[in-house]
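S.K.: missing the sequence, but the structure's below:
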Ligand SMILES: Cc1cc2nc3c(=O)[nH]c(=O)nc-3n(C[C@H](O)[C@H](O)[C@H](O)COP(=O)(O)OP(=O)(O)OC[C@H]3O[C@@H](n4cnc5c(N)ncnc54)[C@H](O)[C@@H]3O)c2cc1C
């Protein structure tokens with residue numbers, strides 16, 4: 001296979017870049033290691049309704065998200081935030097209207113965040129997208145060799161992977177030491193985290209004037225929010241686990257049981273019988289995070305494209321992922337910004 005631009009990675013950055021190139025009539029191929037597209041954007045499907053296991057929110061003022069949502073005929077709606085918040089003490093006692101974890105004012109994509117990546121993927125020419133293609137070696141041909149022994153050549157390659165995963169690839173010739181250490185030093189945003197989702201027939205807590213927001217010193221979840229769909233088809237709550245990644249790995253299924261018990265302690269006995277639950281531990285996903293990501297960074301890193309990665313192989317090797325975005329690094333808007341920058345580099349004569 002030969003193409004003008006070979007995009008490696010079918011998360012939002014790669015999909016958005018492919019969409020931009022396709023709109024410009026440019027020749028490309030996109031290869032993705034998993035059997036599904038979307039990367040960190042993933043959802044639990046309950047009877048056709050999607051519940052976010054990766055990102056939930058976008059924010060007002062994120063112009064690329066707003067434009068894409070418009071282009072794809074999707075809709076945004078406000079995160080549910082009406083009602084009292086709960087605070088769970090380490091003893092298990094629950095206080096109303098304590099804690100400060102509301103995400104009111106944030107926006108969600110109707111149909112779940114994966115509606116974005118599904119719609120984008122749906123607009124791409126299917127003959128230009130290949131799943132189950134694990135890139136292993138990147139050569140200055142340029143070419144990419146895959147785990148199945150096949151090779152693809154291109155005029156240029158764009159790596160749309162979290163930087164630490166890019167650093168795990170083999171490069172021939174090897175990248176300069178400074179470039180490799182720059183890649184290894186960039187934490188994968190949210191790569192340390194695990195998200196638990198519980199789905200119910202209705203958002204029953206709202207009838208008790210609870211917002212669904214809770215913070216906890218008891219755990220296993222430290223921060224909980226309403227994750228119900230816009231159309232009221234179901235109710236849902238989600239929470240971020242507060243237990244370190246290595247302990248989570250050893251805990252297994254007990255963690256999900258503990259999470260449901262915690263929801264029942266906070267929101268009452270109705271919470272003890274969810275229709276469906278799912279725990280997505282991103283730290284244990286080798287196509288998102290590396291062992292270096294097990295501990296989260298302190299705060300939001302000042303993501304940007306390192307100077308050492310500019311103009312690699314005379315511009316034949318590019319990098320485009322949210323962690324290297326010119327703004328909003330780490331976020332959905334950042335993934336779109338990274339794709340925008342790469343597309344401009346490729347399409348500008
Ligand atoms: C739990 C969680 C909560 C989040 N919450 C928010 C939020 O509320 N708001 C927000 O804006 N952002 C949030 N984010 C961040 C958001 O998900 C990311 O910014 C965005 O999805 C990154 O897209 P990407 O394409 O740059 O990377 P990725 O989605 O990581 O895509 C990389 C792709 O490359 C593929 N790949 C990896 N290795 C190879 C290989 N060797 N060969 C081929 N393909 C490969 C992967 O399978 C993947 O599909 C959250 C993330 C997580 C995990």
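M.R.: Arrived safely, thanks for sending. Just so you know, these numbers come straight off a predicted model, no measurement behind them.
S.K.: any stretches of the chain with poor pLDDT?
M.R.: 99-100 (pLDDT under 70).
S.K.: and the helices in the stretch 51-200 of the chain, which stretches?
M.R.: Using DSSP state H, counting those that start in this stretch, the helices of the stretch 51-200 of the chain run over 63-71, 114-123, 163-166, 177-184.
S.K.: quick check: residues of the stretch 151-300 of the chain near the ligand?
M.R.: Within the stretch 151-300 of the chain, the residues that sit near the ligand (CB under 6 Å from any ligand atom) are 160-162, 165, 189-190, 193, 195, 282, 287-288. For the C-beta atoms, the positions are set from N, CA and C on the backbone; glycine is no exception.
S.K.: okay, those residues in a markdown table with neighbour count next?
M.R.: A markdown table is the format used below for these (neighbours: other CB atoms under 10 Å):
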| residue | neighbour count |
| --- | --- |
| 160 | 31 |
| 161 | 27 |
| 162 | 29 |
| 165 | 23 |
| 189 | 26 |
| 190 | 20 |
| 193 | 19 |
| 195 | 24 |
| 282 | 22 |
| 287 | 16 |
| 288 | 22 |
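S.K.: coming back round to it: which of the helices of the stretch 51-200 of the chain is buried the deepest?
M.R.: Mean neighbour count, computed with mean count of other CB atoms under 10 Å, is highest for helix 163-166 among the helices of the stretch 51-200 of the chain, reaching a mean of 23.
S.K.: report the distance from that helix to the chain centre.
M.R.: Chain-centre distance of helix 163-166: 15 Å, with CA atoms, centre = their mean, to the nearest Å.
S.K.: again, but for stretch 83-100
M.R.: 29 Å.
S.K.: among the helices of the stretch 51-200 of the chain, which comes closest to residue 44?
M.R.: Nearest to residue 44 among the helices of the stretch 51-200 of the chain is helix 114-123 (9.8 Å), distances taken as CB to CB.
S.K.: which residue, other than its chain neighbours, is closest to residue 295?
M.R.: residue 192 (6.1 Å; CB to CB, 6 or more residues apart in numbering).
S.K.: could you export the helices of the stretch 51-200 of the chain as a markdown table, including distance to residue 229?
M.R.: What follows is those, written out as a markdown table (distance: least, CB to CB, whole Å):
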| stretch | distance to residue 229 |
| --- | --- |
| helix 63-71 | 16 |
| helix 114-123 | 11 |
| helix 163-166 | 32 |
| helix 177-184 | 38 |
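S.K.: circling back to that earlier point, farthest-apart pair in the residues of the stretch 151-300 of the chain next to the ligand, please.
M.R.: Farthest pair in these (CB to CB) is 160 and 195. Separation: 22.4 Å.
S.K.: distance of residue 131 from residue 146?
M.R.: Separation of residue 131 from residue 146 (CB to CB, to the nearest Å) stands at 12 Å.
S.K.: now residue 179
M.R.: Relative to residue 146, residue 179 is positioned 22 Å away (CB to CB).
S.K.: and for residue 309?
M.R.: The value you get for residue 309 to residue 146, if CB to CB is used, is 23 Å.
S.K.: residue 50 too?
M.R.: Computed with CB to CB, the distance linking residue 50 and residue 146 is 30 Å.
S.K.: got the angle between the longest strand seen in the chain and helix 177-184?
M.R.: Ranked by number of residues, the top strand in the chain under DSSP state E is strand 151-159. Computed with axes from the mean of the first three to the mean of the last three CA atoms, to 10 degrees, the direction of strand 151-159 lies at 70 degrees from that of helix 177-184.
S.K.: just checking, what packs against strand 151-159?
M.R.: strand 2-8, strand 28-31, strand 135-139, strand 143-146, strand 317-319, helix 332-347 (3 or more CB pairs under 8 Å, 6 or more residues apart in numbering; DSSP states H and E).
S.K.: can you redo the ones you listed as JSON lines with distance to residue 247 and mean neighbour count?
M.R.: Listed next are the helices and strands packed on strand 151-159 as JSON lines, based on distance: least, CB to CB, whole Å; neighbours: other CB atoms under 10 Å:
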{"stretch": "strand 2-8", "distance to residue 247": "33", "mean neighbour count": "21"}
{"stretch": "strand 28-31", "distance to residue 247": "35", "mean neighbour count": "25"}
{"stretch": "strand 135-139", "distance to residue 247": "32", "mean neighbour count": "18"}
{"stretch": "strand 143-146", "distance to residue 247": "35", "mean neighbour count": "19"}
{"stretch": "strand 317-319", "distance to residue 247": "33", "mean neighbour count": "23"}
{"stretch": "helix 332-347", "distance to residue 247": "29", "mean neighbour count": "23"}
